[in-house]
Every structure is written in structure tokens, then in C-alpha cells.
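**Q** coordinates only, no sequence provided:
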């Protein structure tokens with residue numbers, strides 16, 4: 001359920017040294033109209049990170065604004081919006097990324113604080129070895145006292161800045177470094193039940209321990225600024241991903257990053273306004289979390305209702321071909337697919353419920369040939385057998 005109570009009474013990590021991921025959006029870095037950098041905001045962000053490090057905490061910064069910074073450098077009024085201009089966006093991001101890192105390096109350099117640039121795409125995380133290399137690199141940088149600055153590699157992102165957005169990227173980064181906190185810095189103090197600018201009756205949400213329930217009680221339709229790609233919708237998605245990995249997630253105002261310190265401190269002093277999403281008590285283990293959130297979903301497998309129950313109850317060792325009702329999409333072996341079951345809604349209409357995500361041992365074409373056979377007859381149907389099952393339990397991560 002959604003909980004409304006004083007933030008200081010909620011559970012939070014009490015370790016003396018915390019790992020924090022701080023995500024700052026374009027609206028906190030660039031002026032929306034002129035695209036000039038907001039140096040006051042940037043300076044406060046840098047000073048806050050330095051204060052956190054002086055207190056022994058490890059900090060990763062996830063930053064937007066490569067496109068916004070590139071627009072200023074190229075004297076362009078706005079980013080192109082039509083699909084034919086994707087290459088133009090990539091070029092603008094390529095110009096802006098260097099300028100953005102230069103600003104950060106200059107500001108951190110005033111205090112002799114080394115920084116490192118990490119550019120990621122979803123493809124970088126789809127391969128398990130590359131994912132682990134990225135994790136190890138981030139851990140090594142943090143151990144060396146460096147501040148990693150993470151951004152999506154917009155210059156080669158095919159699906160148009162759609163990790164989708166840096167809110168999602170920050171949640172995935174938080175899961176990779178096993179962060180204690182993820183801070184999503186935005187242009188409001190916290191999440192409201194509606195847009196407080198247009199609805200004076202909108203109420204702040206202080207604490208949430210059930211994001212699915214929360215979605216039924218709030219209205220989050222704003223798309224974000226003209227330069228950014230997110231909004232509150234993407235922040236709820238990010239909170240869902242991060243809390244599933246055991247990361248407490250906070251929405252707070254980006255123009256006052258210094259509020260991060262009192263929010264994480266174990267004291268009875270009044271906390272600045274913010275929304276806290278409590279981490280799951282039983283977070284997903286690293287490999288299962290990677291399967292669920294790091295891998296591209298290449299297709300869908302519809303399973304029988306009795307098999308769906310065993311999947312939901314986390315019983316059984318594997319999914320076999322004879323338990324599959326239908327296969328959708330074209331995929332090859334070792335890709336990830338959704339496992340869904342067809343149910344009837346309260347209105348009497350059929351609907352699909354996602355159960356899990358898993359890595360398949362056979363392609364969609366191969367599964368289509370053997371799905372009605374017993375698992376022992378795979379060799380008879382295909383002439384070979386690479387595995388006894390379609391998806392093994394070790395390669396399956398629950399969604400529900």
C-alpha cells in the first residue's frame with residue numbers, strides 16, 4: 001500500500017559509508033530557452049558531491065544535457081523532433097558531450113577531484129561479460145576515489161535517446177553498483193498526486209512502499225521539459241527498477257542538491273521535503289536483476305495457466321516445450337523473452353499478464369516445431385538437442 005507518514009520515521013540504510021547514485025536532469029543543468037549552463041546549480045551539485053565524499057560516501061553522478069549543451073555550442077534554437085533528424089541529434093549530442101564533461105572537469109578540478117566519463121548503451125549491458133566489465137570498472141573507480149560521470153552514449157543510440165531516458169539509466173547504474181540510495185533530482189520538491197502547478201489540491205507523497213498501488217492514485221502525465229526526455233512517469237519506472245535491486249530511491253529538488261546530506265543522515269532533525277521509495281525487502285540477485293532489466297526483450301512466450309502458477313510460485317526447474325501455448329516474435333537462442341499467461345479480466349475480456357523474463361535455449365522457429373512434443377522428443381523433432389528445456393529456472397527472473 002501507499003504510505004503517508006513522516007520521512008524520518010522510515011527505515012533507511014545506517015552504514016557509515018554509503019554508495020549513492022545522483023541523477024541530474026537537463027533542466028537542472030541548462031536553461032530551457034537559452035541553453036546556457038546553469039553554473040550555480042552545477043556548482044552546488046559539485047559541492048554536494050564533495051561534501052558527501054568528505055563524509056566517506058561513494059558517489060556516482062548520472063547526468064543529462066549532452067544535447068542541450070550541444071545546442072548552445074552550435075547556436076541552435078531547439079532539438080529536432082522528426083524521426084528523420086535522429087542523425088542530427090546524434091551529432092548534436094557528440095558536440096555537447098565533450099563540452100559537458102569539460103564543465104564538470106573544470107568544476108571538480110577546482111578541488112583536485114578526479115572524474116571519469118562512462119558512456120553506456122543498452123547493448124553494452126546485454127552481453128553478460130560486458131555488463132560485468134562495466135560493473136567492475138565502476139567499482140574500481142569508486143575504490144580509487146574517482147567520481148564516475150555516467151551518461152547514455154547518445155551518439156550511437158539507435159532508438160532515439162531511449163535507454164529510454166537517464167532516469168532509467170540511473171536506476172540500472174544504481175543496481176550495478178549496489179547503491180544504498182538513488183537520488184532523482186527534478187524541478188519539484190517531491191512527487192505529488194497531481195501536477196501542483198495546475199491543481200492546487202495536489203498532495204505531496206512522502207513515502208511509498210508499493211509503486212503499483214501508487215500509480216492508481218497519482219496523475220503523472222507531464223513529459224518533462226522541452227530539452228529533457230523524462231518526467232514523473234519515467235521517475236516512477238526508475239524507482240520501480242531501483243527498489244527491485246534493493247536501492248532506496250528519492251525524488252528531490254535539483255536546485256537544492258545540498259538537501260541530500262540531511263536526507264541520508266541518521267538524525268531526528270526535520271528532513272527537507274522529498275519522496276522516498278522504500279527498497280524491496282527481498283531484492284533480486286544480480287544475475288536475475290540483469291536478466292529482467294539489462295537484457296533486451298526479443299519476443300514473447302505464452303504459457304499454460306497451470307505452468308503460470310508454478311512460475312509465479314517459483315516452483316519447478318524449467319519451462320518445457322509442451323507447456324507453451326504460443327510463441328510471438330522472431331528470436332534466436334540465448335536471447336531474452338517475456339513469459340506471459342492469458343487471463344480473463346473483470347470485464348470479461350482476455351488480457352496477458354507478464355510472469356517472468358528468461359533466456360531461451362532455442363530459437364522461436366525451433367520452439368514452434370517442438371512445442372507440442374514431450375521434452376524427451378526434442379531430438380526426434382529437430383534432429384539434435386542442445387538442452388532438455390526451453391528456459392531453465394536459473395535463467396528466469398520473476399516479474400510478479
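**A** On my side now, so go ahead. Not measured: the values here are computed from a predicted model.
**Q** excluding its backbone neighbours, what's nearest residue 253?
**A** residue 189 (5.0 Å; Cβ to Cβ, 6 or more residues apart in numbering). All C-beta atoms are positioned from the backbone trio N, CA, C, and that covers glycine.
**Q** check contacts around the one you found.
**A** Residues in contact with residue 189 (Cβ atoms under 8 Å, 6 or more residues apart in numbering) are 204, 252, 253, 272, 273, 274.
**Q** ends of stretch 344-352, what's the gap?
**A** With Cα to Cα, to the nearest Å as the measure, stretch 344-352 spans 8 Å from end to end.
**Q** pLDDT on it, on average?
**A** Mean per-residue pLDDT for stretch 344-352: 77.
**Q** who's in contact with the longest helix seen in the chain?
**A** Selection of the longest helix in the chain by residue count, based on DSSP state H, yields helix 86-109. Outside helix 86-109, the residues that touch it by Cβ under 8 Å, 6+ apart are 29, 37, 42-43, 46, 49-50, 61, 63, 65-74, 76, 79-80, 114-115, 117, 119, 147, 149, 151, 154-157, 160-161.
**Q** the residue nearest to residue 253 sits in which helix or strand?
**A** Under DSSP states H and E, no helix or strand contains residue 189.
**Q** quick check: it vs residue 278, distance?
**A** To residue 278, residue 189 is 19 Å away according to Cβ to Cβ, to the nearest Å.
**Q** which SSE is immediately downstream of the helix or strand of the chain with the lowest mean pLDDT?
**A** One helix or strand of the chain scores below all others by mean pLDDT, DSSP states H and E: strand 2-3, with a mean of 48. On the C-terminal side of strand 2-3, the closest following helix or strand by DSSP H and E is strand 19-24.
**Q** quick check: mean pLDDT across whichever helix or strand comes after that next one?
**A** Following strand 19-24 in sequence order, the next helix or strand is helix 39-54 (DSSP H and E). Across helix 39-54, the average pLDDT comes to 95.
**Q** quick one: buried residues of helix 39-54?
**A** Residues 41, 42, 44, 45, 46, 48, 49, 50, 52, 53 are the ones in helix 39-54 that count as buried (16 or more other Cβ atoms under 10 Å).
**Q** and if you look at stretch 181-197?
**A** Neighbour counts over stretch 181-197 (16+ other Cβ under 10 Å) mark 181, 182, 183, 184, 185, 186, 188, 189, 190, 191, 192, 193 as buried.
**Q** in the stretch 51-200 of the chain, which spans are strands?
**A** Counting by DSSP state E, counting those that start in this stretch, residue ranges of the strands within the stretch 51-200 of the chain are 58-63, 115-120, 147-152, 181-186.
**Q** tell me which of these sits most buried.
**A** Among the strands of the stretch 51-200 of the chain, ranked by average contacts under mean count of other Cβ atoms under 10 Å, first place goes to strand 181-186 (a mean of 28).
**Q** and that strand, what does it pack onto?
**A** Packing partners of strand 181-186 (3 or more Cβ pairs under 8 Å, 6 or more residues apart in numbering; DSSP states H and E): strand 19-24, helix 166-176, helix 232-244, strand 248-253.
**Q** going by mean pLDDT, which of the ones you listed comes out lowest?
**A** With a mean of 88, helix 232-244 has the lowest mean pLDDT of the helices and strands packed on strand 181-186.
**Q** angle of that one against strand 181-186?
**A** With axes from the mean of the first three to the mean of the last three Cα atoms, to 10 degrees applied, the angle from helix 232-244 to strand 181-186 works out at 180 degrees.
**Q** distance of residue 68 from residue 49?
**A** As judged by Cβ to Cβ, residue 68 and residue 49 stand 21 Å apart.
**Q** actually, residue 29.
**A** With Cβ to Cβ as the criterion, residue 29 and residue 49 are 14 Å apart.
**Q** which residues touch residue 113?
**A** Contacts of residue 113 (Cβ under 8 Å, 6+ apart): 49, 50, 53, 147.
**Q** shaky segments in the chain?
**A** Along the chain, segments meeting pLDDT under 70 span 1-15, 79-85, 157-164, 220-231, 267-268, 315, 372-381, 400.
**Q** leaving out chain neighbours, which residue sits closest to the residue nearest to the spatial centre of it?
**A** Centroid-nearest residue in the chain: residue 168, 2.8 Å away (criterion: Cα atoms, centre = their mean). Counting by Cβ to Cβ, 6+ apart, residue 168 lies nearest to residue 238, which is 5.6 Å off, once chain neighbours are set aside.
**Q** returning to that earlier point: could I get the strands of the stretch 51-200 of the chain in a markdown table, plus columns for distance to residue 385?
**A** A markdown table is the format used below for those (distance: least, Cβ to Cβ, whole Å):
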| stretch | distance to residue 385 |
| --- | --- |
| strand 58-63 | 44 |
| strand 115-120 | 37 |
| strand 147-152 | 40 |
| strand 181-186 | 44 |
